[in-house]
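S.K.: Sequence below, structure please.
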Amino acid sequence: MEKERDVLTRALLSLQTPEECGALLDDMCTIKEIEDMSHRLMIAVLLAEGKTFIDVEKQTGASSATISRVNKCLKHGSGYRTVIKRILDGEAIK
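M.R.: Predicted coordinates for the structure are as follows:
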C-alpha cells in the first residue's frame with residue numbers, strides 16, 4: 001500500500017494546471033467521490049474561517065458527524081490547513 005500511496009502522491013505533485021487536476025480527478029474518482037471531497041474541503045474552509053458547527057451545518061447541510069471529523073482533521077492534521085492557507089493566499093488559484 002505504501003508504494004501505491006507514493007505513486008499517487010507523485011502523480012498529484014506532477015499536476016501543473018487546474019485542468020490537469022480536474023482531468024485526473026475525473027479519471028480516478030466517481031462523481032460522488034469528487035462531490036464528497038469538495039464538500040469536506042468546504043466544511044474545513046468554513047471552520048477555518050471561524051464558523052460554528054451550527055453555521056457550517058446550515059450552510060452545507062453536512063451532518064454533525066462529518067463536521068466533527070473534518071474539524072478533528074483540521075485541528076490535528078496538516079493537509080487541510082496547508083491547502084486552505086494556499087487557497088486563501090491565492091497561491092492555489094492560477
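S.K.: Where is the longest helix in the chain?
M.R.: Counting residues, the longest helix found in the chain (DSSP state H) is helix 31-48.
S.K.: what residues are up against F53?
M.R.: Shown in contact with F53 (C-beta atoms under 8 Å, 6 or more residues apart in numbering): 64, 67-68, 71. Quick note: C-beta positions are derived from backbone N, CA and C, even for glycine.
S.K.: Are any of those residues buried, and if so which?
M.R.: For the contacts of F53, a burial check counting by 16 or more other C-beta atoms under 10 Å picks out 67, 71.
S.K.: And the residue positioned nearest the centre of the chain, how far from E2?
M.R.: The residue lying closest to the centre of the chain (C-alpha atoms, centre = their mean) is L41, at 3.5 Å. From L41 across to E2, the span is 25 Å (C-beta to C-beta, to the nearest Å).
S.K.: And I67, by the same measure?
M.R.: Distance, I67 to E2, by C-beta to C-beta: 31 Å.
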